[in-house]
Structures are given as C-alpha cells and as structure tokens.
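[1] Coordinates for the following, if possible.
(chains A and B)
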Amino acid sequence: MHVVAVWSIKGGVGKTTTTVALATLAALQGLRTLVWDLDPQGALSHWFRVTPRGRRAPRKLVSKGTPLAELVRGSDLPNLDILPADLSHRALDTALARRRRPAARLALKLAPLREVYDWVFLDCAPSVTLVSEAVLAAATAVLVPVVPSSLSLRTLEQMRQFAGEAGTAGVPLFPFLSMVDRRRRLHRDNAQALVGAGTFFNAAIPLSSAVEQAAETLTPLPLAAPTSAAAQAFAALWQELQQRLATLTHRPA
Amino acid sequence: MPAKDSTPATQPSMCASRTFEIVRRCSLAGLARALPSGLTLDWRPCRPVERTHLDSHDWRLWAAGASLVVEAVEGKQMVIWRPARGGAVMVDSAPTPRCAADLPEGTVRREVQSLLGERALLPLAALRVQQRPGSVRDERAKIVTRVWWERSTPLDRTDEPAGSTRTTLRIEGVRGYEGGWRAVQAAWERLPFLKEAEQEELALAAAARGRTPGDYSSRIHVPLADDTSAAEATRLILRHLLETTSANLPGAIDDVDPEFLHDLRVAVRRARSALGQLAGSLDPARFARLREELRWLGGVTGPCRDLDVFVMDLEKYGKELGEPARTQLTPLLDHLRRQRQRQHGELKAALTSPRLRRLLATWRRVTEPPRRPPAAPEAQRPAREYGAARVQRAYRRLRRHARRLGPQAPPEGLHQLRIDAKKLRYLLEFFAPLLGRPAAALIRQLKELQDALGIFNDLAVQQRRLAEALGEVLASGAADGAAALAAGRLVAVLEARQGAQRAVVSKRLEAFFTPEVRAEVASLTAGEGE
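    Numbering: from 1, shown residues only, chains lettered A, B, ... in the order given. I've put the predicted structure just below:
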C-alpha cells in the first residue's frame, strides 16, 4: 500500500484538484484507492458529494477503538473510497494532541488497511500542525504542488525545514509545478529552470479553466475533460509518481 | 441472494448486493415511483454486454464465495472482482486473464492468487446481456445504491445462446450508505413484479456449458451406504476415480495448468492403491489388466509432474534467496523448462494414445455392476467393517515400520514411511462416509505427519535433482560458474532445512502413535478387528 500525502503550507496551489485527479486515475486503473480528506474545509469531500458519518468524527478518526474502515464511505466511482471531512474536523489537531504518540497516530490507524487498499491519498490542509507531523510520519511520499513563483519556492524550503525538525526528513518530498500560466513569462522561466534542475517532476500542471469547470460540476477532471491539457498533465504526473514509488525503498507504508 | 454483512472490522463496511427476478412486465418508472421521497432513480442508456464468469476447473473462487467476471462493454473489457467480503473492484484487463499473474499488480491480483494457486482461469459460464445501468441518489445527488436492469441469455461452449432468457434487477449498496440501501430494499421488496432470484446467474449459465458450480473436486467422496458390500464399495471407489481421471485428461493434454496432471496422477495412484489394498474384495482375474495398465499410466505421467514441481520449487527458492542468486539460477530454470516442454510432448503422446483409450475402456468395463457376485474372500463383507479392518491393518503396518526404523531413520526409510502413510490416508478417505467422525479426526492428524514427511522427502529429492540438472546444464554450456555457485548455495540451504525437518518428522511420528490415536483407530470397528 502506498500512502501519498498531497501537502503544501500555502493555500490555493491545487492540492485538492491534484488529489482528486490522482485518486481518480488510480481507481480507473483498477487499484483500490482511499482518499483521506484531512482539510476541515472539506472541499475534496464536497467534490465527491460525501459527508462524514455521524457525530464526533474527528475524535473517532484518531481514537484507538474505532477502525478507520467503519468511517469509510464509497464514492460514486468504482474502486474509490473516501474518509470525508467537514468543518468539525478543525478539532482533529486537538483530538490528536490528546493521544499518546500523536505523530505516529495516523500511521497506526492506516496500518489495518494495508491489505485492503493499493493506494491511499491524504489531502492535507494548508498548515503546519500536529496533523502535518502525523501525515509526514504516515506517508510513503509527499507530493508538493508548487506554483512557479518565488513565494511558493520559499514555502517549499520551509516545508523541507519542518520535515527535518519533525524528524521525518527521510520521507521524500516530491515537488511538482502546479497552475503554470504559460502566458506569464515569470512562470515560463521558473518552470523551465525548476524542471531542468531535476528536483521537480517532469509533469507540470497548467492553469486551466477545465479544472474550474470540473469542480463546478463536481466531476473529477480525468472524467470531466479527459483530453484537456490539465487532465493529460495529471495523467503524466500519475505515471511519474508510480515510477518514482516503484523504485523507492526507504520504508514500507 | 441474501445480503452479505459479516464484514470484519478492519474491512470497510457494507457493500451488499441482491438480485431480483422480474417475473412480469413492469415499467422502470414504477421502480422510481416506489422509492421514498428524497431518493431518485436515474438510468443510463441500454447497452449490450458480453459477460464471462472465470474460475478454476475445481471452482476455487466460487467455493470461497468470490467471483471474477469479465465484461466486454462498448469495445472495452473490464474484469470485475467480487471478494467474499463484498464490494466490487473493476480492473482494466485485456486480453482476458488466463491466470492470476495476468491481472495487474495490486491487492486484486494477490487475493485471486491466494485462492487460485497454480490453477488457470477458465471461462466456465458466459452470458449475452442487455443491460441498463442506473443509480439511486440521495438529496445531495450522491449514489447510495447501484442498479442494473438486465435481460440475459446463457451461452454454450460455442458461444451460442442456450437456455432460457431471464430478466433481473440487481442492486448493490454503496459502502457507508446503509440507510439509503435499506430504504431501496424496503421499497422494492414490496413490488409484486419483483421476486428474490432463486438461482445464481453463475449456476444458470454454467449449466449451458454442462457444468455445475462445485461439480468437480480433487477430494474423494464416494457415497457409501451402511448396507454396501465390500466388493460394491471397491467398485464404486474405482468408478469414481475413473471419472476423476477422465475429467482431468483434456486439461493435462492441453497443458491448461499443472493441477490437471497432478489430480490425474493422484486419481491413478489412489486407484492403484485401492486395487492393492482392497484386493481381498475383488476378483483378481477381472482387475489384473487394469492394475498393469495403471502402473504404466503412473510411470508415463511421472517425469512431467516431477519437472512441474521442481520448476515451481526452484522459482520459489530463487525468490527466497534474492539477487544475485535468482538471476544466476535462470539458466538452470530455462533448461528445466525446456526439458519440461519435451516431457509434456511425450506425456501428450501417451495420453492421446490408443493404449490410453483401451485403458479407460477396460477401467469402465471392469467397474460396471457385475452380473455375478465376485469370487473373492472378502467380497460380501459389510463395507464399513471391511474398510475399518483395512485402515487398522495399514495403521499397524505404518507403526511397525516407524518403530523398526527408530529416530535416526535413513532418508529411504522415511520415504517408505511416507508411502505407508499415503496408503493409510487413501483408505481413510475411501471409507470416510462410513467411518464418520473418528476417520475425519485421524485424517487431520495424519495430514500433519504426511506434510512433515513430504517436506523432508522434497528437500532430499530437490538436492539430488539440483545436482543432476546442474551437471546437464554445465555440460551443455548453457550456464557458467555463477549458476554452479548459486546452486551450491541453494543445496547448502536445502541440506540445513532437511536437517531441521527431521526433528519435525520425529515429533509428528510420536504424536501419531500415542495411546489416544491408537484408541481412535481401534474404535473404528468398535471391537471388531481383523
């Protein structure tokens, strides 16, 4: 089971769009896929029209007594399940802080699902919290969407620093370019330099109205506009991610 | 079919399904009208679907409560895996998988592989379907139940329609939406034109291909009655083994998977064992020729099976040893695979020969009900009493041999014990329906001993075969010193394992001759020994 977190401490960089697209592509490929919405905004859950089950969901998500499997809900797509979130999930951090070894909690909760799912995607909130630490401890790899601007690059450095301080420097941070506006020279130049330097994925996601339209109709982009440039770029990103993880041996999920 | 709801806590809950038969004309709008407020039903266009149910020859997926179906829809082929715990996974898979390894890597392949083992996937049932998929949605437009209206016709082996067409409504819950699922069921259960389907689609479609789910098992089960005579029991056992041999013949000839040859050989071995151990109930002249011919069949089927096992073992050991040994053993494996192909050619020639046809004809003829009672000393003895006496005798023989060999028995001695144990096992299985629970308990205990003896023997045989194969492959120039080095490492590993296995064998032997087990064996006749 691969656990991939899609995380950036900067908001509005395409985290949820990326998670929805990658999870959909995995599910369409016949892989059993789970998406865990860790963002209290619940945008991903809304995209899949899924709401959390019952009350006290945040506490149950981290408690010892409730298996995650009991909180999972099926999406409208075959092979794709969701652990949804809503505003009440802002209490997740507090709930986690009350547990022993909070940073290891998400990994522990995911462990029983190892034989059930092929891929787990964690859609993270744009923040640096205890939940972020737990995400880094649970993930096989972290995908970081980066808009090609200097502020975003500074954010990436901060995230690397945080991973080091959290003692999870071994988790690979895979940055990729997101929302690239080809009409803007700064974006074009930065994109070329960053991909050329080899630290970023080759796949770069263009800024696209197809993404907005997909979100509007609550349809994952690979289904709403499969031939769009953005959907093709996500398909390339998905291929690259699989190849990278196939050669990754640093730790089992 | 009733909903499956026994989901372990570690598995995502609830993905039950039900199938209703549409027993008289109905409008799809009627289904929508019956739903409670808040739920809506939408349909997608009708489409033709070619559906094939895949399973092994011995129905391993069906027996485990799972199913693997291939659907060709609008030029696209999908494999749908439904594990016993419920839920469905759809996997893009073209061409049709012939074995678990043909499925894309992931949990589905692992689950199918764990049930199938070495068996091939065969198209045991197929249907031509007109399908209209639909969804029941809640107020948020979220799907809470999936729906398929279907008109399906089974297809025979030539893919021609056979059997009657039926119209069904299949519904499947969505994980985590139990409320909606219950509401849909409650609404539609009441409809007069829907009736819970009594027969599974698989059973109906398999019938069009002359099969019934569970119609083949390598296990021996001969229904013997209390008043059956020893001669009749032996005849029925031999007849059953003839059917098993015949059922495996085409698969062994076409090399569909290694289990066909394995099951064929087991049936032949059981028949030879029956002819020897139950000789007292048979007319010797009538069965003399069959006995001779079965020895021939056992002989000609041996080399190919031995190579099947050796190749599988070597592949497994390669994985265990890891790199570079795995790559270094490749020339050896290639050599063995080529040898195996040659041997299969010879096997095929034997299994399609006139001699084999004559053998089967003789086997059939001598196991027809006899016109006169056989002239054999034990022929009229009640089968239960006769079977129990033979089991007791075989047990005593095994015990005597084990005692004589002592704890430091040479490998050849343990090989002989393995054969004795096998004979005892066959007898217990032949008469299990008459001997009841004590026989079942003995089989369980004996299996443990057999497994231990089997592993010990395999380790000895593998070391010898590895040395032989290495000699051949080095002589042919197909391998170099690296292969020899890897084979040498493997022999050392096997030798060490064999040493450790001896202790396991001693423990199991001891366990099988305790006063309790002896008492169990004695209880088979309840005081009526030989």
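[2] going forward, measure contacts and count neighbours with C-alpha atoms only.
    Fine.
[3] check contacts around residue B:459.
    B:494-495, B:497-498 (CA atoms under 8 Å, 6 or more residues apart in numbering or on different chains).
[4] got the residues of the stretch 151-300 of chain B near chain A?
    Residues of the stretch 151-300 of chain B lying close to chain A (CA under 8 Å from any CA of the partner chain) are B:174-177.
[5] okay, those residues in CSV with secondary structure, pLDDT and neighbour count next?
    Output for these, formatted as CSV (DSSP: H, G, I helix; E, B strand; the rest coil; pLDDT from 0 to 100; neighbours: other CA atoms under 10 Å in any protein chain shown):
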residue, secondary structure, pLDDT, neighbour count
B:174, coil, 93, 26
B:175, coil, 90, 25
B:176, coil, 90, 25
B:177, coil, 92, 22
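[6] where along the chain do the strands fall?
    This is for chain A. Using DSSP state E, the strands of chain A run over A:2-6, A:33-37, A:73-74, A:80-83, A:119-123, A:141-146, A:173-180, A:204-206.
[7] Can you look at chain B instead?
    B:17-22, B:40-43, B:47-55, B:67-73, B:76-82, B:89-92, B:122-137, B:143-155, B:166-173, B:194-196.
[8] Which PyMOL command selects the buried ones in the contacts of residue B:459?
    What follows is the PyMOL syntax selecting those of these that are buried according to 16 or more other CA atoms under 10 Å in any protein chain shown:
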select buried, chain B and resi 494+495+498
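[9] In helices, which of the contacts of residue B:459 appear?
    B:494-495, B:497-498 (DSSP state H).
[10] near chain A too, which of those residues?
    Near chain A, by the rule CA under 8 Å from any CA, you find none of the ones in helices among the contacts of residue B:459.
[11] Rebuild the residues you listed as TSV, extending it with distance to residue A:230 and pLDDT.
    Output for those, formatted as TSV (distance: CA to CA, whole Å; pLDDT from 0 to 100):
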residue	distance to residue A:230	pLDDT
B:494	56	91
B:495	59	91
B:497	57	91
B:498	60	91
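[12] Tell me the one among these nearest to residue B:289.
    residue B:498 (39.8 Å; CA to CA).
[13] Surely the closest one touches residue B:460?
    Yes: taking contacts as CA atoms under 8 Å, residue B:498 lies within contact range of residue B:460: 7.1 Å.
[14] Enumerate every residue touching the nearest residue to residue A:231 once chain neighbours are set aside.
    Using CA to CA, 6 or more residues apart in numbering or on different chains and skipping the chain neighbours, the partner closest in space to residue A:231 is residue A:222 (5.4 Å). Contact partners of residue A:222, counting by CA under 8 Å, 6+ apart, are A:21, A:24-25, A:231.
[15] how far away is residue A:222 from residue B:153?
    35 Å (CA to CA, to the nearest Å).
[16] And the pLDDT at the residue lying closest to residue B:375 once chain neighbours are set aside?
    Nearest in space to residue B:375, with sequence neighbours left out and distances taken as CA to CA, 6+ apart, is residue B:283 at 5.6 Å. pLDDT, residue B:283: 87.
[17] Against residue B:276, how distant is residue B:283?
    12 Å.
[18] where in the stretch 51-200 of chain A is pLDDT low?
    A:54-57, A:168-169 (pLDDT under 70).
[19] Might you enumerate the residues of it proximal to chain B?
    Going by CA under 8 Å from any CA, the residues of the stretch 51-200 of chain A near chain B are A:53, A:67-76, A:78-79, A:112-113, A:115-118.
[20] 7 Å instead, please
    By CA under 7 Å from any CA of the partner chain, the residues of the stretch 51-200 of chain A that approach chain B are A:67, A:69-70, A:72-74, A:76, A:78-79, A:112-113, A:115-118.
[21] so which of the residues you listed is the most crowded?
    Within those, neighbour counts (other CA atoms under 10 Å in any protein chain shown) peak at residue A:74, which reaches 27 neighbours.
[22] Report the contact partners of that residue.
    A:80-82, B:174-176 (CA atoms under 7 Å, 6 or more residues apart in numbering or on different chains).
[23] phi, psi of the residue nearest to residue B:375?
    The phi and psi values for residue B:283, taken as degrees, to the nearest 10, are phi -80, psi 110.
[24] Give me the most central residue, the chain.
    In the absence of a named chain, this looks at chain A. In chain A, the residue lying closest to the centroid (CA atoms, centre = their mean) is residue A:6, at 2.5 Å.
[25] my bad, chain B
    residue B:58 (4.5 Å).
[26] Which strand residues bridge the residue in the stretch 51-200 of chain B positioned nearest to chain A?
    Here the stretch 51-200 of chain B gets closest to chain A at one residue, residue B:91, 3.9 Å apart by CA to the nearest CA. Listed by DSSP bridges, the beta-bridge partners for residue B:91 are residue B:79.
[27] What separation is there between the residue nearest to residue A:231 and residue B:348?
    In terms of CA to CA, residue A:222 sits 51 Å off from residue B:348.
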